[in-house]
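Student: Here's a sequence, model it:
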Amino acid sequence: MGLPWISVFLTLFAAGSLLAVTSMPPAVIGPRFYRVIITTAMFLAVIAVLSSGVLAGDFGGARTWAAGYAAALAVYSMLVRVPLLPTSRPLLLALAAAGIAVAVAGLPDGGGIWGRLLASPASAAALGMALVAMLLGHSYLSSSNLSFDLLVDTCRVLIGTLAVRGLVSAAFFIPESGVLSSWMSGDVVLVLLVGVRYVVGIACAIVLAWMALACAKIRSNQSATGILYVAMGFVVMGELVAAYIMGDKGLAL
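Tutor: The predicted structure follows:
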């Protein structure tokens, strides 16, 4: 039994957050930042399970795996707070890979195996990097000793991640453009959604990330952070639309 598209989106968001935070050097950013991301990922995974239908007794298949994944993150988030277990980057990568695997298993059969295997990690990485970059910018308000080089590098990684996400999406959009066009011709809402997915979720998000990078280079932290807040919102909107189209139409956008 598969997962609803919103549960897939939330699971990818959780896994992507864990994946993205491994790009942060623990000795520089500190363990508190890691704990915040791990806790956020845990809440996203729990919401993914609650939105999957398990409260109505709808168990089985990928829903069971999603529940197990949320439970594993809940245990880990408690252990790193004690801390009984260190914030191990290899373990975080393993948990991120497990979350992506759960999301792939919960996706519909449409879109082809390559669509599920390539679009899912790209979506997770885009969501995770957008969140981590935004929270990093916010961290400068309470940690004045943080180097601005870290924010500059993170903005660059965000731009690269969004560019890769756009290329992966385009690689599946172009072959399926005829099928999608036939659907869009009779569905104005779908036209708007596809526009949001590419114009807002990728193009505008990349422009905003570039603007944040420019601000970080001149040490204008408040401007960079504000822009990254908007960029994260745009990325979330784009990936929400992509998850919906994947779940409803079976197309990996």
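Student: for Ser144, helix, strand, or coil?
Tutor: Here Ser144 is recorded as coil under DSSP: H, G, I helix; E, B strand; the rest coil.
Student: now Asp149
Tutor: helix.
Student: okay, now it: neighbour count?
Tutor: Around Asp149 there are 11 other residues, counting by other Cβ atoms under 10 Å. Heads up, the C-betas are built off the backbone N, CA and C, glycines and all.
Student: swap in Val189?
Tutor: So Val189, with other Cβ under 10 Å, has 8 neighbours.
Student: in what helix or strand does it lie?
Tutor: Here Val189, judged by DSSP states H and E, is contained in helix 188-195.
Student: What helices and strands are in contact with that helix?
Tutor: In terms of contacts (3 or more Cβ pairs under 8 Å, 6 or more residues apart in numbering; DSSP states H and E), helix 188-195 is packed against helix 177-184, helix 221-249.
Student: and of these, who's closest to Val194?
Tutor: Closest approach to Val194 among the helices and strands packed on helix 188-195 is made by helix 177-184 (6.6 Å; Cβ to Cβ).
Student: picking up where we left off before, nearest approach to Leu12 belongs to which of the helices and strands packed on helix 188-195?
Tutor: Of all the helices and strands packed on helix 188-195, helix 221-249 comes closest under Cβ to Cβ, at 7.5 Å.
Student: Ala242 against Gly166, yeah?
Tutor: No: no contact is recorded between Ala242 and Gly166 when judged using Cβ atoms under 8 Å, the distance being 11.1 Å.
Student: The two - which one has more neighbours?
Tutor: Ala242 (29 against 20).
Student: confidence score at that one?
Tutor: We have a pLDDT of 91 for Ala242.
Student: and if you look at Pro83?
Tutor: 63.
Student: swap in Gly238?
Tutor: At Gly238, pLDDT is 95.
Student: so what's the nearest residue to it once chain neighbours are set aside up against?
Tutor: In this structure, Gly238 finds its nearest non-sequential neighbour in Gly201, 1.3 Å apart by Cβ to Cβ, 6 or more residues apart in numbering. Gly201 is in contact with Phe234, Val235, Met237, Gly238, Glu239, Val241, Ala242, counting by Cβ atoms under 8 Å, 6 or more residues apart in numbering.
Student: thought the third one was touching Ile202?
Tutor: I take that to be Met237. No: using Cβ under 8 Å, Met237 is not in contact with Ile202; the gap is 10.6 Å.
Student: number of nearby residues for Phe43?
Tutor: Neighbour count of Phe43, defined by other Cβ under 10 Å: 15.
Student: on that earlier part again, out of the helices and strands packed on helix 188-195, indicate the one that is most buried.
Tutor: Across the helices and strands packed on helix 188-195, the average number of neighbours (mean count of other Cβ atoms under 10 Å) peaks for helix 221-249, which reaches a mean of 22.
Student: and the angle for that helix with helix 188-195?
Tutor: Orientation note: helix 221-249 sits at an angle of 130 degrees relative to helix 188-195 (axes from the mean of the first three to the mean of the last three Cα atoms, to 10 degrees).
Student: For helix 221-249, enumerate the helices and strands it packs against.
Tutor: If contacts are counted by 3+ Cβ pairs under 8 Å, 6+ apart, helix 221-249 sits against helix 5-21, helix 112-139, helix 148-173, helix 188-195, helix 205-217.
Student: just for this protein, where's the confidence low?
Tutor: Where the chain drops to pLDDT under 70, the residues are 1, 54-60, 83-87, 108-115, 174-187.
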